[in-house]
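Undergrad: Predicted model and sequence below, questions to follow.
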Amino acid sequence: DQQVKQNSPSLSVQEGRISILNCDYTNSMFDYFLWYKKYPAEGPTFLISISSIKDKNEDGRFTVFLNKSAKHLSLHIVPSQPGDSAVYFCAASGSGNTPLVFGKGTRLSVIA
Amino acid sequence: NAGVTQTPKFRVLKTGQSMTLLCAQDMNHEYMYWYRQDPGMGLRLIHYSVGEGTTAKGEVPDGYNVSRLKKQNFLLGLESAAPSQTSVYFCASSRDGGKAFFGQGTRLTVV
């Protein structure tokens, strides 16, 4: 049973436009959410996170939105750049420092 | 500051052989993890440790063993490799169970 779901395996966006990556979760005990970015042949790298006490967190071109009632979060990248082309993983953890649970990832392609 | 270092980066094993993957972190993190990444499956947790001398099972622990004898090291062992264990293995560490830092990965092929 998947606790963290990324239903779009891939997304293609024009350079300069907004990229929106979505993630849904089922476990109501999750209270901390993260996005990781992964390039081929490299390990995932942390991008941005949000605690359940917030509904938005922004870092430069990256913004994460959390809708707790819908158990949904999204990552917005504005403007998208070709260097943003990568696989993006959504992850979540619960109280008690439980290990991160990851979604299956979304491959973003930013076309110049 | 090296962060999380995995050894080796690549390995080919024959079915039934054994091997150990080594993970070392220099951030004094308490928590360490082993994940595997397979096409279309995302990152799945194999085993993890919440401190020196502790280990716990994750989502897909069968066929693997781990040890955390020293705080900075987390070893993943395959006693009898199977083709189903062909995967990319990632080690990660975190200070308090939240944001995790990953190694560069080990690509393992079992033939």
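TA: Cool, got the structure.
Undergrad: Get me the contact residues on chain A for chain B.
TA: With the criterion set to Cβ under 8 Å from any Cβ of the partner chain, chain A comes near chain B through A:6, A:9, A:32, A:34, A:36, A:41-46, A:49, A:89, A:93, A:96-105. All C-beta atoms are positioned from the backbone trio N, CA, C, and that covers glycine.
Undergrad: Just give the number of residues close to the closest residue to chain A within chain B.
TA: Nearest to chain A, among the residues of chain B, is residue B:97, at 2.6 Å (Cβ to the nearest Cβ). Residue B:97 has 21 neighbouring residues, counting by other Cβ atoms under 10 Å in any protein chain shown.
Undergrad: ok, now which ones touch residue A:110?
TA: A:13-15, A:19, A:80-85 (Cβ atoms under 8 Å, 6 or more residues apart in numbering or on different chains).
Undergrad: Where does the nearest residue to residue A:30 once chain neighbours are set aside sit: helix, strand or coil?
TA: The shortest distance from residue A:30 to any non-neighbouring residue, by Cβ to Cβ, 6 or more residues apart in numbering or on different chains, is to residue A:92 (4.1 Å). Recorded secondary structure, residue A:92: strand (DSSP: H, G, I helix; E, B strand; the rest coil).
Undergrad: same question, residue A:40
TA: Under three-state DSSP, residue A:40 falls in the coil class.
Undergrad: mind checking pLDDT for it?
TA: Looking at residue A:40, its pLDDT reads 93.
Undergrad: I appreciate the help and will end here.
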